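Visitor: Attaching a predicted model along with its sequence, questions to come.
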Amino acid sequence: MIRFGNVILPHGLALAPLAGVSDRAFRRVCRACGADFSVSEMVSAKALCYEQKAKKAVRSVTGLLASVHADETPMAVQIFGHEPEFMAEAARLITANEYIGCVSEVPPSAIDINMGCPVKKVTGNGEGSALLKDPRLAGEIVEAVVKATHLPVTVKIRAGWDKDSINAVEMAQIIEAAGASMICVHGRTREQMYEPGVDRGIISAVKAAVRIPVMGNGDIYTAADALSMMQETGCDGVMIARGAMGNPWIFAEIRAALSGEAYVYPSAAERFETALVQVREMISEKGERVGVAEAKKHLAWYCRGIDGAAAARSRIMQAEGYQELESIIRGLM
């Protein structure tokens, strides 16, 4: 069990923030399959703040990303940036639901700070995992956000910037001292991106160095991966990213393993019915054109491991509407 602020995660199982993936539809599916907690797609603090100054009405994509519905809590909204004042103001706006484009029913359960994203368009601005190179600034950001919200503040970091600057322990201690309530450690450096292989030793070292809860992240694709991560590192829970794509049942599988119970994997028909529920919700929220376009990659992931997967994925990518997608998927049941 993990507790931070008023948030309790009975099994310590969380869906990681995944840009372009962990939208509300996917978060809800993962929640239904056993995730205790989820984190939104990352929200640009500066973009959110600038949208509030618009002289004419704007359609706030940023605001939509930050929105929270009551049935998906507990969840965190993740913000990214490198300027403490913008990060603090974004946290305040999100906590109060006082921003343009807000369709939230409730505030988030926590504010999460992204210090782990490795992509160049983020790190090139000194954001995401680039903050690993400036622990002092990272601490100032956490302190500013903590002061701006009454919600618990969590932070996601990596092992370090590269193999010559592994500093997750130093970062974690600074983050804890600045007032964060939980840390998630991805056991790769920014240089490694998503290469196979995770340094569980650095997660273990972070856990030993701080008193706040620590989540382990990286290369968790099965219940066995999750249990060995927790056993080897002593981490309080796990945050799952790519292992949940097309397989939200990984959370149910891990729950069963934690309880020592046998787990029966859903049938192909059950898997694809869940996939279609997710797609329909995506379309309901985003419209058919955007919803169908974004759903294709999810359906391709759901097809992994089935006979004729390659041909099905090709047809899915060429489909022009929901009815065509549904026809393809029902043909696989």
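Guide: Structure's in. What do you need?
Visitor: what's near enough to touch the residue nearest to the spatial centre of the chain?
Guide: Against the mean C-alpha coordinate of the chain, by C-alpha atoms, centre = their mean, the closest residue is Pro17 at 1.5 Å. When contacts are counted by C-beta atoms under 8 Å, 6 or more residues apart in numbering, Pro17 touches Val39, Ser40, Glu41, Met42, Gln78, Asp112, Asn114, Lys156. (Glycine included, C-beta is placed from N, CA and C.)
Visitor: May I ask which two of these are separated the most?
Guide: Spatial extent of those (C-beta to C-beta) is set by the pair Glu41 and Lys156 at 12.9 Å.
Visitor: who's more crowded, the two?
Guide: Lys156 (27 against 19; other C-beta atoms under 10 Å).
Visitor: a strand runs through that one, doesn't it?
Guide: Yes - using DSSP: H, G, I helix; E, B strand; the rest coil, the secondary structure at Lys156 is a strand.
Visitor: and the residue nearest to the centre of the chain, helix, strand or coil?
Guide: coil.
Visitor: how near is it to Ala310?
Guide: 30 Å (C-beta to C-beta, to the nearest Å).
Visitor: what does Val68 give?
Guide: With C-beta to C-beta as the criterion, Val68 and Ala310 are 38 Å apart.
Visitor: Between those two, which is the more surrounded one?
Guide: Counting neighbours by other C-beta under 10 Å for Val68 and for Ala310 shows that Val68 has the greater number, 24 against 8.
Visitor: quick one: contacts for that one?
Guide: Ser40, Met75, Val77, Ser104, Glu105, Val106, Pro107, Pro108.
Visitor: farthest-separated two in these?
Guide: Farthest apart among the contacts of Val68 by C-beta to C-beta are Ser40 and Glu105. That separation is 14.1 Å.
Visitor: From the neighbour counts alone, determine which of those two ranks first.
Guide: Ser40 (25 against 13).
Visitor: Thr62 reaches Ala45, doesn't it?
Guide: No - contact criterion C-beta atoms under 8 Å: Thr62 and Ala45 do not qualify, at 9.3 Å.
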